[in-house]
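Undergrad: here are the coordinates; sequence isn't available:
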Ligand code: AMP
Ligand code: MG
């Protein structure tokens with residue numbers, strides 16, 4: 001079987017990766033094959049689901065045109081620099097140009113140890129695999145740049161965590177697996193040749209239209225800043241908490257990457273943290289824009305020597321660029337919030353109008369997704385206890401709408417297209433994992449189906465839209481599981 005790989009990364013010097021084959025597993029069995037994504041990639045979904053296809057998706061065989069490798073990268077994990085991380089349980093099969101002319105990486109995750117495993121088993125358990133499958137595909141349907149899930153298969157082998165769990169492999173598709181940490185890997189080794197190659201490759205692959213008049217490195221920094229601003233603005237607009245915004249999980253393409261501890265807010269709580277290891281709230285919901293800037297600063301540091309010979313001048317130039325990030329982010333965030341409120345024109349007061357509303361939600365721990373969906377339906381009156389404050393805010397909103405000549409019907413139609421009825425609720429994800437671990441894929445399939453059209457009210461599945469009950473509140477997520 002051939003995938004149509006042409007393996008750009010394999011043309012890079014050997015220090016960018018380690019060639020490694022996936023490890024064999026006992027008994028591959030399909031959990032899910034993403035037919036639409038397979039077609040987009042120019043792959044035959046039926047062939048993927050055949051025994052020969054499953055063997056590839058489980059790591060028992062590799063496509064004839066694959067050149068499997070684990071990629072080298074470094075990264076700041078919770079603020080501490082680790083000079084060598086790399087794909088410890090992921091193997092890139094290759095990259096290909098899809099039906100739309102976009103280059104995509106196809107990677108197995110959970111396919112056995114690599115030279116970067118650092119004592120880990122290189123494996124993944126069923127729960128986290130299905131979690132990433134559902135979350136990443138939901139993010140895509142919600143309009144957020146993200147890695148995708150092409151397939152999930154059982155290995156027929158156990159993995160040993162706190163308990164013994166069924167092993168599984170996820171096939172992940174990304175615009176690339178270039179991370180801030182990829183640049184850091186070579187900067188830590190003062191490998192300027194590698195950095196130049198990476199900058200050129202990243203620009204060509206992700207930002208071919210970037211303005212390169214001030215040089216490639218600055219062009220890349222500007223482009224990644226914009227992409228990250230847009231991405232994190234979308235996260236905040238949807239109530240998404242990435243949970244582990246380490247530099248090795250920060251994609252140069254501006255895609256959501258690594259769904260280990262990711263979770264969606266139920267109640268609107270800016271300080272909300274889900275990850276069990278994020279003790280200090282470094283990656284709390286409302287900290288995400290600041291952390292994005294921190295990560296971008298680490299990226300900028302890696303290209304100092306590429307920008308120019310005069311270090312003082314270069315640092316000043318890069319600092320000035322980075323200082324522009326809050327404004328770039330605010331603009332992107334204002335655009336998201338304006339859309340959530342059904343407004344068309346950009347006005348200076350929009351961010352304040354939206355933030356005042358968010359302040360009311362935060363005070364009352366109102367369910368974020370339900371609130372905005374009800375607002376879009378013109379049905380949010382009972383959502384806040386502080387009736388007066390909400391009425392006063394509504395007046396301002398109506399005045400703002402009238403000022404741009406948007407009718408209520410127009411605003412509602414726009415709002416229903418950006419304020420989802422369905423998000424992957426944490427308690428539903430947990431239910432789905434428990435059922436799948438016990439052999440029942442029904443809840444997984446249902447969740448996945450409903451989340452494919454999150455902006456449509458699907459009355460027969462309304463239970464998936466409701467917030468968790470009191471007993472389902474203390475939600476915790478785990479990294480690298
Ligand atoms: P993550 O928390 O998923 O971003 O992973 C951080 C680092 O740990 C990366 O280098 C991963 O490849 C590695 N890693 C995570 N889980 C495993 C595992 N089960 N076996 C080997 N390496 C792992
Ligand atoms: Mg990671």
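TA: Good, I have the coordinates. Worth saying up front: this structure is predicted, and the values here are computed from it rather than measured. Ligands and ions are numbered 1, 2, ... in the order given.

Undergrad: so which residues on this structure come close to ligand 1?
TA: 85-89, 116-117, 120-123, 244, 248-249, 258, 260, 479-480 (C-beta under 6 Å from any ligand atom). Every residue, glycine included, has its C-beta placed from N, CA and C.

Undergrad: of those, just the buried ones, ChimeraX syntax please.
TA: With 16 or more other C-beta atoms under 10 Å as the burial test, the buried ones among the residues of the chain next to ligand 1 are selected in ChimeraX as follows:
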select :85,86,87,88,89,116,117,121,122,123,244,248,249,258,260,479
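
Undergrad: just the pLDDT for the residue lying closest to residue 185 once chain neighbours are set aside.
TA: Ranked by C-beta to C-beta, 6 or more residues apart in numbering and with sequence neighbours excluded, the top spatial neighbour of residue 185 is residue 74, at 4.1 Å. What the model reports for residue 74 is a pLDDT of 98.

Undergrad: tell me which element residue 132 is part of?
TA: With elements delineated by DSSP states H and E, residue 132 resides in helix 126-141, which encompasses its position.

Undergrad: quick one: contacts for the one residue in the chain that gets nearest to ligand 2?
TA: The minimum distance from the chain to ligand 2, using C-beta to the ion, falls at residue 258 (3.9 Å). Residue 258 is in contact with 242, 244, 249, counting by C-beta atoms under 8 Å, 6 or more residues apart in numbering.

Undergrad: which SS class is the closest residue in space to residue 296 that isn't next to it in sequence?
TA: With sequence-adjacent residues excluded and distances taken as C-beta to C-beta, 6+ apart, residue 296 is closest to residue 225, at 5.6 Å. Using DSSP: H, G, I helix; E, B strand; the rest coil as the criterion, the local structure at residue 225 reads helix.

Undergrad: what distance do you get for residue 225 to residue 408?
TA: Separation of residue 225 from residue 408 (C-beta to C-beta, to the nearest Å) stands at 37 Å.

Undergrad: more crowded one of those two?
TA: residue 225 (22 against 12; other C-beta atoms under 10 Å).

Undergrad: ok, that one - contacts?
TA: 296, 321, 322, 324, 325, 328.

Undergrad: most neighbours out of these, which is it?
TA: Highest count within those by other C-beta under 10 Å belongs to residue 296, 22 neighbours.

Undergrad: I'd guessed that residue sits against residue 224; true?
TA: Yes - with contact defined as C-beta atoms under 8 Å, residue 296 reaches residue 224; the gap is 6.6 Å.

Undergrad: report the contact partners of the spatially most central residue of the chain.
TA: Averaging the C-alpha coordinates of the chain gives a centre point, and the residue nearest to it by C-alpha atoms, centre = their mean is residue 256 (1.9 Å). Applying C-beta under 8 Å, 6+ apart to residue 256 gives the contacts 136, 139, 144, 145, 146, 147, 231, 235, 240, 242, 262.

Undergrad: filter those down to the ones close to ligand 2.
TA: By C-beta under 5 Å from the ion, no member of the contacts of residue 256 lies near ligand 2.

Undergrad: out of those, list just those in helices.
TA: 136, 139, 231, 235 (DSSP state H).

Undergrad: how about the residues of the chain by ligand 2?
TA: When proximity is defined as C-beta under 5 Å from the ion, the chain approaches ligand 2 at 249, 258.

Undergrad: domain assignment for the chain?
TA: Each domain of the chain is listed here as a residue range: 9-174, 180-332, per automatic domain parsing.

Undergrad: out of these, nearest to residue 456?
TA: With C-beta to C-beta, the closest approach to residue 456 among these belongs to domain 9-174: 10.3 Å.

Undergrad: what is the end-to-end distance of the closest one?
TA: Here the two ends of domain 9-174 are set 13 Å apart, with distance taken as C-alpha to C-alpha, to the nearest Å.

Undergrad: name the helix or strand for the residue of the chain most remote from its centre, please.
TA: Here the centre of the chain is the reference, and by C-alpha atoms, centre = their mean the most remote residue is residue 388, at 37.9 Å. Assignment of secondary structure by DSSP H and E places residue 388 within helix 387-403.

Undergrad: in whichever helix or strand comes after that helix, what's buried?
TA: Following helix 387-403 in sequence order, the next helix or strand is helix 408-416 (DSSP H and E). Neighbour counts over helix 408-416 (16+ other C-beta under 10 Å) mark 411, 412, 414, 415, 416 as buried.
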